[in-house]
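Participant: Provided below are the primary sequence and the corresponding predicted coordinates.
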Amino acid sequence: MRAIAAALFTVALLAACGGSGASQPAGSHQVTMTEFAYNPSTMSVPAGKVTFWLVNSGSVAHDVIIRDGNNNRVAASELVSAGDSQAFTVDNLAAGEYTFFCDQPGHEASGMKGKLTVT
């Protein structure tokens, strides 16, 4: 009985972490990641709490780092493995112009970046 309970707990825990079986949260903004681009590469979102649905359609891991006009990191997602998806929530995104990029070695330099406008 303990083994069954432990197995069910493990399955529930893994499902909560995202992965390819997770579904896009309502109201989130989908961002698809490949080598070496985001789709879309330009986004406009409302100020406040914003959830991005990160879909890695590439063959290597990617992430999303948001930085402000002064080059300060505002938020950073977890690394998303190839073929996986996960929600990335920024709790208090202020109105303004931002950039986003993948900080894996060489990815930003290869063009994996974009523009984020928060209204």
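Facilitator: Structure received.

Participant: show me the shaky parts of the chain.
Facilitator: Counting by pLDDT under 70, the chain shows low-confidence ranges at 1-21.

Participant: please, where are all the strands along this protein?
Facilitator: 29-34, 37-39, 42-45, 48-56, 65-67, 73-76, 85-93, 96-101, 113-118 (DSSP state E).

Participant: any chance of the ones you listed in TSV, plus distance to His107 and mean neighbour count?
Facilitator: Every residue, glycine included, has its C-beta placed from N, CA and C. Output for the strands of the chain, formatted as TSV (distance: least, Cβ to Cβ, whole Å; neighbours: other Cβ atoms under 10 Å):
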stretch	distance to His107	mean neighbour count
strand 29-34	9	18
strand 37-39	10	17
strand 42-45	18	14
strand 48-56	12	19
strand 65-67	10	19
strand 73-76	14	16
strand 85-93	16	17
strand 96-101	7	17
strand 113-118	9	18
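
Participant: would a markdown table of these with distance to Ala22 be doable?
Facilitator: Converted to a markdown table, the strands of the chain look like this (distance: least, Cβ to Cβ, whole Å):
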| stretch | distance to Ala22 |
| --- | --- |
| strand 29-34 | 13 |
| strand 37-39 | 19 |
| strand 42-45 | 21 |
| strand 48-56 | 9 |
| strand 65-67 | 21 |
| strand 73-76 | 19 |
| strand 85-93 | 6 |
| strand 96-101 | 21 |
| strand 113-118 | 23 |
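
Participant: ok, now which ones touch the residue most central in space within the chain?
Facilitator: The centroid of the chain falls nearest to Leu54 when counting by Cα atoms, centre = their mean (3.9 Å). Applying Cβ atoms under 8 Å, 6 or more residues apart in numbering, we find Leu54 in contact with Val31, Met33, His62, Val64, Ser77, Val80, Ser85, Gln86, Ala87, Phe88.
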